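Trainee: got a sequence here, can you model it:
(2 chains)
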There are 2 protein chains.
Amino acid sequence: MPAYKTPLRDIRFLMNEVFDFNSHYQTLSNGEYADKETVDMILEGAADFCENVLSPLNQSGDEEGCYFENGEVKTPKGFKEAYDQFVQGGWQGLSYPEEFGGQNLPMSLNLIKSEMMGTANWSFQMYPGLSVGCINTFLQFGSDEQKKTYLPHLVAGTWSGTMCLTEPQCGTDLGQVKTKAELNKDGSYAISGTKIFISAGEHDLTENIIHIVLARLPDAPAGTKGISLFIVPKFLPTEDGGIGERNPVTCGSIEHKMGIQASATAVLNFDNATGYLIGEPNKGLHAMFTFMNTARIGTAIQGLAHAELSFQGALPYAKERMSMRALSGKKDPEQVADKIIHHADVRRMLLTQKAIAEGGRSMIYYAAQLADKMNDALLRGDTAAFEEHDAHLGFYTPILKGFLTELGFEAANHGMQVYGGHGYIKEWGMEQIVRDARIATLYEGTTGVQALDLIGRKVLLSSKGKVIRDYTAEILKFCGQHAPNKYMRRFAWDLTKLCAQWNTLTVRLMLAARKDRDIVSAASVDFLMFSGYVMMAYFWAQQAAIASSKLASGTGAEVPEFYKAKIKVADFYFEKILPRTQGHAESMVNPSKTMTSLAAEHFSFDY
Amino acid sequence: MPAYKTPLRDIRFLMNEVFDFNSHYQTLSNGEYADKETVDMILEGAADFCENVLSPLNQSGDEEGCYFENGEVKTPKGFKEAYDQFVQGGWQGLSYPEEFGGQNLPMSLNLIKSEMMGTANWSFQMYPGLSVGCINTFLQFGSDEQKKTYLPHLVAGTWSGTMCLTEPQCGTDLGQVKTKAELNKDGSYAISGTKIFISAGEHDLTENIIHIVLARLPDAPAGTKGISLFIVPKFLPTEDGGIGERNPVTCGSIEHKMGIQASATAVLNFDNATGYLIGEPNKGLHAMFTFMNTARIGTAIQGLAHAELSFQGALPYAKERMSMRALSGKKDPEQVADKIIHHADVRRMLLTQKAIAEGGRSMIYYAAQLADKMNDALLRGDTAAFEEHDAHLGFYTPILKGFLTELGFEAANHGMQVYGGHGYIKEWGMEQIVRDARIATLYEGTTGVQALDLIGRKVLLSSKGKVIRDYTAEILKFCGQHAPNKYMRRFAWDLTKLCAQWNTLTVRLMLAARKDRDIVSAASVDFLMFSGYVMMAYFWAQQAAIASSKLASGTGAEVPEFYKAKIKVADFYFEKILPRTQGHAESMVNPSKTMTSLAAEHFSFDY
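Mentor: Numbering: from 1, shown residues only, chains lettered A, B, ... in the order given. Coordinates of the predicted model:
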């Protein structure tokens, strides 16, 4: 298993040179906390914790998995101790208000911390990660009383939280939720039903677990408009904020999964469990959507995390393993064969991983700034600003989640492939990354769901293509500014063509959808992937622009290779990866009549 | 886990309608054995065995895995009994000469049987599958004495065989093999060394295991020209053909792998084990290459096998699971939601699987006829014909192995994706298919190795592009014949354009390679994938041509839907999958200078 080494040079390149986080923080109401010194301390502290505590538990956690016995879940060896250190370090409260014990730092620092932790050990990161949705629900919809009771524990990390949405019969289609909530005499509710796939639903890391549960009131309308949110604590809190009576929400089993073995995925049975309504009745699904963007960005990080970790595993192997000779002649003449990094096809795989990891990181960090702005508006109570930033982020979200998790899985597979047959052997840890990465295109909305959200909701319905026109206008402006630079000409030219194509494709789909709405679904994943590749190209061009200006000005003179490498990887991305857009473009505008007209019973004639 | 149902309708469509196996068999010297009745009996017998014996052991075999203790390997529950049935059924000897107890049927029937067995249970199929290479070695290079001693047992299946090539320091680059062979006084050799990744290297299914081992004689030249082949039996055979003394070849451990858990992958230690030279000294690697094509076709089958099995798992789920409404309006209005098969994006995934499985099957069956011809020439002692057919098959081999295993993995992932979050849970069996499929792009030469074999050896070096000119000429002839048919016009047109493009790309790479040989490696996988997509398109067009002629002539009147579905899937392939060629085409001709010029130490600046 590759030991995680925090790519601090790249993180700082993005934070300090590409996106100027320092100036950005100064525009936020809580920005004063995030001075350069604090940020550095946090980056280095997180790196230390990830490299020395979390990374060593990644492979052992996979081997051992979680244990389930008599309704209780034991996490793998070392997880409890690591979690205690996480709590002691105050890591859970990084971006939450001081009044609940947090450090009031911008949300972006929390996302960057999550990236580091998730790359070091994705399974571990799931536990605190799930608390985030729960904490957000309290912050935005909780009564003062509810906030006071739960938030200090959740923000400290001594209690953890979950989001209980999925049931056996429904995941995406939450209108089918059946879990019931009936009013008790004391004003609380009796919650009954079964929830599945509850990450961190039961474990031994915290003294209490607070479930946010989607359920129906007796008189609720059918479908999505009849869902309410309830707080269902594992242990009911006592008046003084301590641990009270055990609530009848029990773990029926944990799933046996392909990967993220150290993350407990629980089946939870609510058997007249005591719950408390949070937010307005029947507005639960709407409330869920408030956090969907941030939750999905959290999952999008998984794409870059596994690309990064797999790259970190593959690179040293490629520099060490010797096989055959490079086609252009011996590179290690004194050895029996050349290191495989000298084979262009191996470089293709490594550079694809690197392009995905660093391209993905830049996309996430940009989105993290939007999350900061959104959160800042929330703190300031500026609803209009919140909605504006939320809408802006809402365009990025399905692309980041759908596209980056698909590419993260691809990158994980490249890393395994670099190892040849050894990649298939558990000992090396490369196949674990593939198994862990595979969940990312499934949870928090599958790739198909992201694709439909993008083309259906964000592009066609709510903006009639305006969102693409606006975004491409931004890219074209960038191209105009940078075209005179000889390093940038190629990028500007390709992006200009692609922006035109992106708009044309959008219009064609819009027109086609008038006659046949199924074409939107048929074309959706191609549209998502096309959009993702172009967006990542824009972010690579931005990195190249900074790198070339550093080289030109001589500011980067002490390590010119770093900037030169950035430009080469951008070149590689434009030359070898970006052409995939053309397959997606052609496929999405081809007719889909044949695929929608085949009768379900004629998909097969043998079974 | 999806229960395997043999797609006999599709198998018969290919055998009887598309490729006319009956007439083909009549051209073979052993074709008389393969009358229609016998072939039917074999197909149905194999289907029965696969569905009722092998398929039920697929998931339990994965859960249980193989046990290793004190140098011995125990296969999962039920494997021994199933293997005994396999031996009793005479399945191992299907295509081997009668003089060694075989049934002398054409090789293609053996490949089709392997497809069925491999789809039902790939791990099981590995055991008899590995014997094939061993049997072929004896048939072509064994002395009469060696054949008489080993072949009856191997052909019966009571003994099994392995191929011991890989060592810790080398897999692809067999010139690095270190295992030593020293002459004993009695004319045998003392073999010493370590071999890894030996599939079926140790197990409890047969009474003896015969290893074919690559090793070096003391005076052997360095590199690939100094490798010889040795027979190293686990138990030395006695004079009367029984089981004698235990040979010091011992299993040091078995690998813990991502998948194919029921297939034992052994580390074998040869500690002065007794071996017998087979074939000429120092010609071992050349001998290996003789069977490389058939071995690789055997692995190519894995691509279609896992595509088929995953499709069989995903289809019923898509017909049952209800979620959301189709964009074009309610399809199951009486239900709470529509079956997910009514979502165009789900259809896209299912049809991609189907197009890969059935397109892959047609490619394999065509190659199986070439294997028949090759084998027939071998039996007739016609070296010229053997070499001609081998060269012909040699063009298909890297495409089938490289392209189909990549697409098989993709298809397995689509099947898992159709299940949403449930796909990640072991219980359903869909993730096992992904894990099992993943090995296929690694062993028997990685995708990169196949790609270099295709572009380097087959296209540029040995034919200067002629192989592409000839093949596209064949496709263009087909297009000319079928263009007047209205169903076929679209296919003929697309193929015609792609043939021109394929030739142009080949010439461009040939010219570019003169200046920069690394470009061949840089472009190789793109070239392989481009070639695979065009080849599969041609095979889909052939299927559509037969289907449309059946519909036109009314011969297929009893089940016109089968033929209509074939045309629709061909349409789908051309509309939604074939466009991927354009991404590969653009990527392969883009300059690769940036990727080859990045210094190894500048791939990363943090680790």
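Trainee: contacts, neighbours, all on C-alpha from now
Mentor: OK.
Trainee: beyond the longest strand along chain A, next helix or strand please.
Mentor: Scanning chain A for the strand with the most residues, using DSSP state E, yields strand A:265-278. Once the chain leaves strand A:265-278, the next helix or strand it forms, by DSSP states H and E, is helix A:284-320.
Trainee: for the residue nearest to A:Thr397 when sequence neighbours are not counted, give me its contacts.
Mentor: In this structure, A:Thr397 finds its nearest non-sequential neighbour in A:Asn293, 5.8 Å apart by C-alpha to C-alpha, 6 or more residues apart in numbering or on different chains. Listed by C-alpha atoms under 8 Å, 6 or more residues apart in numbering or on different chains, the contact set of A:Asn293 reads A:Asp390, A:Leu393, A:Gly394, A:Thr397.
Trainee: which of the residues you listed tops the neighbour count?
Mentor: Each of the contacts of A:Asn293 was scored for neighbours by other C-alpha atoms under 10 Å in any protein chain shown, and A:Thr397 scores highest at 26 neighbours.
Trainee: which residues are contacting the helix or strand containing that one?
Mentor: Here A:Thr397 sits within helix A:383-398, counting by DSSP H and E. Contact with helix A:383-398 is made by A:293, A:296-297, A:367, A:370-371, A:373-378, A:450-451, A:453-454, A:458, A:467, A:528, as judged by C-alpha under 8 Å, 6+ apart.
Trainee: go again using 6 Å as the cut-off
Mentor: Helix A:383-398 is contacted by residues A:Asn293, A:Met374, A:Ala377, A:Gln450, A:Leu454 when judged by C-alpha atoms under 6 Å, 6 or more residues apart in numbering or on different chains.
Trainee: swap in stretch A:152-169?
Mentor: A:87, A:92-93, A:100-101, A:130-131, A:134, A:195-196, A:206-214.
Trainee: near chain B, anything from the helix or strand following the helix holding A:Thr397?
Mentor: Going down the chain from helix A:383-398, the next helix or strand is helix A:404-418, by DSSP H and E. No. On the criterion C-alpha under 6 Å from any C-alpha of the partner chain, helix A:404-418 is out of touch with chain B, staying 6.9 Å away.
Trainee: helix A:404-418: how far from the chain's middle?
Mentor: 15 Å (C-alpha atoms, centre = their mean, to the nearest Å).
Trainee: can you pull the contacts of A:Asp144?
Mentor: Residues near A:Asp144 by C-alpha under 6 Å, 6+ apart: none.
Trainee: how much space between it and A:Ile278?
Mentor: 11 Å (C-alpha to C-alpha, to the nearest Å).
Trainee: repeat that for A:Asn503.
Mentor: Taking C-alpha to C-alpha as the measure, A:Asn503 falls 42 Å from A:Ile278.
Trainee: same thing with A:Phe491?
Mentor: Counting by C-alpha to C-alpha, the gap from A:Phe491 to A:Ile278 is 50 Å.
Trainee: burial measure for the residue in the stretch 101-250 of chain A positioned nearest to chain B, as a count.
Mentor: When distances are taken as C-alpha to the nearest C-alpha, the stretch 101-250 of chain A reaches nearest to chain B at A:Asp173, 5.5 Å away. A:Asp173 has 17 neighbours, counted by other C-alpha under 10 Å.
Trainee: returning to what we had before: show me which of the contacts of helix A:383-398 are buried.
Mentor: With burial judged by 16 or more other C-alpha atoms under 10 Å in any protein chain shown, the buried subset of the contacts of helix A:383-398 is A:Asn293, A:Met374, A:Ala377, A:Gln450, A:Leu454.
Trainee: the third one in helix, strand or coil?
Mentor: Under DSSP: H, G, I helix; E, B strand; the rest coil, the three-state class of A:Ala377 is helix.
Trainee: excluding chain neighbours, give the residue nearest to A:Thr179 in space.
Mentor: Spatially, and ignoring its direct neighbours in sequence, A:Thr179 is nearest to A:Gly193 (4.3 Å; C-alpha to C-alpha, 6+ apart).
Trainee: residues making contact with the lowest-mean-pLDDT helix or strand in chain A?
Mentor: Least confident helix or strand of chain A, by mean pLDDT, DSSP states H and E, is helix A:593-597 with a mean of 87. Outside of helix A:593-597, the residues within contact range by C-alpha under 6 Å, 6+ apart are B:Lys568.
Trainee: in it, what's buried?
Mentor: By 16+ other C-alpha under 10 Å, the buried positions in helix A:593-597 come out as A:Lys593, A:Met595, A:Thr596.
Trainee: tell me the pLDDT of A:Leu370.
Mentor: Model confidence at A:Leu370, given as pLDDT, is 96.
Trainee: returning to what we had before: mind putting the buried ones among the contacts of helix A:383-398 into TSV with distance to A:Pro237 and pLDDT?
Mentor: Compiled in TSV, the buried ones among the contacts of helix A:383-398 are given as follows (distance: C-alpha to C-alpha, whole Å; pLDDT from 0 to 100):
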residue	distance to A:Pro237	pLDDT
A:Asn293	30	81
A:Met374	32	92
A:Ala377	32	93
A:Gln450	38	98
A:Leu454	41	97
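Trainee: what's the most distant pair in the residues you listed?
Mentor: A:Ala377 and A:Gln450 (25.6 Å; C-alpha to C-alpha).
Trainee: A:Lys113 versus the residue in the stretch 1-150 of chain A that chain B sits nearest to, what's the distance?
Mentor: Per C-alpha to the nearest C-alpha, A:Pro7 is where the stretch 1-150 of chain A lies closest to chain B, at 5.6 Å. Taking C-alpha to C-alpha as the measure, A:Pro7 falls 12 Å from A:Lys113.
Trainee: and what of A:Gln169?
Mentor: Here the criterion is C-alpha to C-alpha. By it, A:Gln169 lies 35 Å from A:Lys113.
Trainee: these two - which one has more neighbours?
Mentor: Taking other C-alpha under 10 Å, A:Gln169 and A:Lys113 do not tie; A:Lys113 has more neighbours (22 against 16).
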